[in-house]
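Chemist: Need a 3D model of the sequence below.
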Amino acid sequence: MSKAVILIIEDDPDIQELLSLSLSKEGWNLLQAQTGEEGLKILNSKKVNCILLDIMLPEMDGLKVLKKLKEIDQCKNIPVIMTTAKGEESDIITGLELGADDYVVKPYSPKVLVARIRVALRRQEDNIDASVTAWRQGEIKLDAARHAAFCGETRLDLFATEFALLKHFLSNPEIVFSRNQIIAAIHGHDYPVTDRSVDVQILGLRKKLGKAGDMIETIRGVGYRFRISNE
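Modeler: Got it, this is the predicted structure:
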């Protein structure tokens, strides 16, 4: 996706310039906003493929922006990478619970950020690949080509990472995966995401699945597996 459109929501002009120099070398088209309000206005009028979102923004902070953009239909499946100087676990977990797909803590390496954007774009491409089959286990159905998931007749409102998690579990039932294996399957090998981050995202997915969430079983001391039957 060499012509991908990346929206940068960042109020620091020096960081904006650094990101512009680094990301433009990848052939990506860049859109820039210095406030959350400006970023949301862009999202309502233009199509983007990935969002870099600073948490410490003036007036409306990045977490509020994230919550609002996930309420915009055309933005629900756009990968969001939070960029923040706040590296506390509580801040990271809050961002993940609101639907962020990833986070990087300042100061960060532009090369690392580029690698993470590539992963996010590749995952987005995989989700819309029409050659990918659909899966069904019990009441849960997932159609990767349509990027749609259902529990019974109810369409699930999943964030991009939750959709990727569900796809991974449905396509690999009854197999026990460690947290590291899950991270590798969703983000790629050697991807720096904590075990706690995986737990938070799986907890969010379980909640959205309702009673069917019990099909995602915790294997104590190992990881998780998706049981074919939840009886």
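Chemist: The worst-scoring helix or strand of the chain on mean pLDDT packs against which elements?
Modeler: Lowest by mean pLDDT, DSSP states H and E among the helices and strands of the chain is helix 89-97, with a mean of 77. Packing partners of helix 89-97 (3 or more Cβ pairs under 8 Å, 6 or more residues apart in numbering; DSSP states H and E): helix 62-69, strand 80-84, strand 102-105, helix 195-209. (Glycine included, C-beta is placed from N, CA and C.)
Chemist: Can you add mean pLDDT and give these back as a markdown table?
Modeler: A markdown table is the format used below for these (pLDDT from 0 to 100):
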| stretch | mean pLDDT |
| --- | --- |
| helix 62-69 | 92 |
| strand 80-84 | 88 |
| strand 102-105 | 83 |
| helix 195-209 | 89 |
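Chemist: Go through the longest helix belonging to the chain and flag the buried ones.
Modeler: Using DSSP state H to define each element, the chain has its longest helix at helix 110-127. The neighbour-count check on helix 110-127 (16 or more other Cβ atoms under 10 Å) flags 113, 114, 116, 117, 118, 119, 120, 121, 123, 124, 127 as buried.
Chemist: Can you name the residues in contact with the least confident helix or strand of the chain?
Modeler: With contacts defined as Cβ atoms under 8 Å, 6 or more residues apart in numbering, helix 89-97 is touched by 55, 62-63, 66, 82, 84, 103, 161, 194, 196-197, 200-201, 204.
Chemist: Find the residue ranges of this protein scoring beneath the pLDDT cut-off.
Modeler: Within the chain, the segments meeting pLDDT under 70 span 1-2, 86-88, 126-132, 189-195, 229-231.
Chemist: measure the residue nearest the centre of it to residue 22 for me?
Modeler: Geometric centre of the chain, nearest residue: residue 101, 2.4 Å, by Cα atoms, centre = their mean. Look at residue 101 and residue 22: by Cβ to Cβ, to the nearest Å, they are 19 Å apart.
Chemist: ok, now residue 31?
Modeler: Residue 31 sits 15 Å away from residue 22, going by Cβ to Cβ.
Chemist: same thing with residue 206?
Modeler: Using Cβ to Cβ, one gets 37 Å for the distance from residue 206 to residue 22.
Chemist: try residue 139
Modeler: From residue 139 to residue 22 the distance is 45 Å (Cβ to Cβ).
Chemist: follow-up on the earlier one: among the helices and strands packed on helix 89-97, show me which one is buried the most.
Modeler: strand 80-84 (a mean of 23; mean count of other Cβ atoms under 10 Å).
Chemist: what are the pairing partners of that strand, and which direction each?
Modeler: strand 50-54 (parallel), strand 102-105 (parallel) (DSSP bridges).
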